[in-house]
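**Q** this one's sequence-less:
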DNA sequence: ATATAAAAAGACCTTTTTATCCTTAAATAA
DNA sequence: TTATTTAAGGATAAAAAGGTCTTTTTATAT
Ligand code: FES
Ligand code: FES
């Protein structure tokens, strides 16, 4: 469904959101431990998320990653997927035709876009705040 | 969503079904032309589909690929995806946790399985017959 | 029997994805 | 100011996916 990079990106952002809600910055190392991901690879993904404005980064001692309250409310899973994997999953053809087009549909078009649109809507509606609170109260987990 | 191999495999099988409904066997070359795929790569995928019992293959002059009427009715898109990509998409965690488990859910579990189960059901219900007839009457297409 | 046509099989190559390592830049605290 | 800490950046490597090529096997028609 999503690339490894995207899975790590989503998990990292949720964790940063949790910590930010407690007014704590979090380091790359801590993130990689918490989401069980390769440190250097996670660094690349966080760089991209920082460039995309999804998270804030700060160098130096006491540095790390954080989100402000506006970001925690406004960033949706959809934004992270777009930033890392692009929007092909949201508007591409299920059978790989160059253009998904209702006028020239592939055999699975009608059935596929119904699912695809549900996925898109779900990801567009799901905010970091919602996912972070579920994790914070121990309802969900990022490892295993 | 699906791998390239899987996209080619689904399109190839639909085309074989259309031809089989007209009692025609179809060669690798013809399939690759019709679905706009690399010939040698398509050969590998068809080998796998033949081994999986999804299509029948015959060597020699007048050889090629075909499906019997039972197969056309019974083979579902789901079966092709399982044969080529495996079942990870149908029961794996959306965030890549080792086990998708409602008792130990990841942050997106509830929302994700709703979509994932819809996809699974849709693919389990959609037969080659249904897709082949839509293609045969010109309602859908496999290229462009 | 033999030439031919088609898929099967296996070795190989290329590109993309995933992952690591090392150096540089920036910020802080002493 | 200087040592330290942390992210940024770039080069490289390993693994997986995507794709090609050549040889072998099997079936058919002449
Ligand atoms: S054309 Fe294939 S999903 Fe729309
Ligand atoms: S645990 Fe992640 S989708 Fe079920």
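**A** Structure's in. What do you need? Predicted model only: the values in this text are computed from it and were never measured. Ligands and ions are numbered 1, 2, ... in the order given.

**Q** so the host helix or strand of residue A:110, near ligand 2 or not?
**A** With elements taken from DSSP states H and E, the one containing residue A:110 is helix A:109-125. No. Interface with ligand 2: helix A:109-125 contributes nothing (Cβ under 6 Å from any ligand atom), its closest point being 12.2 Å away. For the C-beta atoms, the positions are set from N, CA and C on the backbone; glycine is no exception.

**Q** quick one: average pLDDT of that helix?
**A** On average, the pLDDT along helix A:109-125 is 98.

**Q** next one: that helix to chain centre, how far?
**A** Relative to the mean C-alpha coordinate of its chain, helix A:109-125 is positioned 17 Å out (Cα atoms, centre = their mean, to the nearest Å).

**Q** after it, which helix or strand is next?
**A** Where DSSP H and E defines the elements, the next helix or strand beyond helix A:109-125 is helix A:128-136.

**Q** okay, now the spatially closest residue to residue A:52 that is not a sequence neighbour: neighbour count?
**A** Distance criterion Cβ to Cβ, 6 or more residues apart in numbering or on different chains; nearest residue to residue A:52, sequence neighbours excluded, is residue A:83 at 4.3 Å. Under the neighbour criterion other Cβ atoms under 10 Å in any protein chain shown, residue A:83 is assigned a count of 19.

**Q** what sits against residue A:83?
**A** A:9, A:48, A:49, A:52, A:54 (Cβ atoms under 8 Å, 6 or more residues apart in numbering or on different chains).

**Q** next one: residue A:41
**A** In this structure, residue A:41 makes contact with A:5, A:8, judged by Cβ under 8 Å, 6+ apart.

**Q** check which helix or strand covers it.
**A** In this assignment (DSSP H and E), residue A:41 forms part of helix A:39-51.

**Q** output the contacting helices and strands for whatever helix or strand comes next after that helix.
**A** Scanning forward in sequence from helix A:39-51 by DSSP H and E, the next helix or strand is strand A:56-58. Contact analysis of strand A:56-58 by 3 or more Cβ pairs under 8 Å, 6 or more residues apart in numbering or on different chains; DSSP states H and E lists helix A:39-51, strand A:64-66 as its packing neighbours.

**Q** how far off centre is strand A:56-58?
**A** Using Cα atoms, centre = their mean, the distance from the centre of strand A:56-58 to the centre of the chain it belongs to is 17 Å.

**Q** now stretch A:125-138
**A** Relative to the mean C-alpha coordinate of its chain, stretch A:125-138 is positioned 12 Å out (Cα atoms, centre = their mean).

**Q** buried residues, it. List them.
**A** A:126, A:127, A:128, A:129, A:130, A:131, A:132, A:133, A:134, A:135 (16 or more other Cβ atoms under 10 Å in any protein chain shown).

**Q** go on, stretch A:112-125?
**A** Taking 16+ other Cβ under 10 Å as the basis for neighbour counts, the residues of stretch A:112-125 that come out buried are A:112, A:113, A:115, A:116, A:119, A:120, A:122, A:123.

**Q** thinking again about what came up before, and the helix holding residue A:110, anywhere near ligand 1?
**A** Yes. Residues of helix A:109-125 are located near ligand 1 by Cβ under 6 Å from any ligand atom, namely A:109, A:112, A:113.
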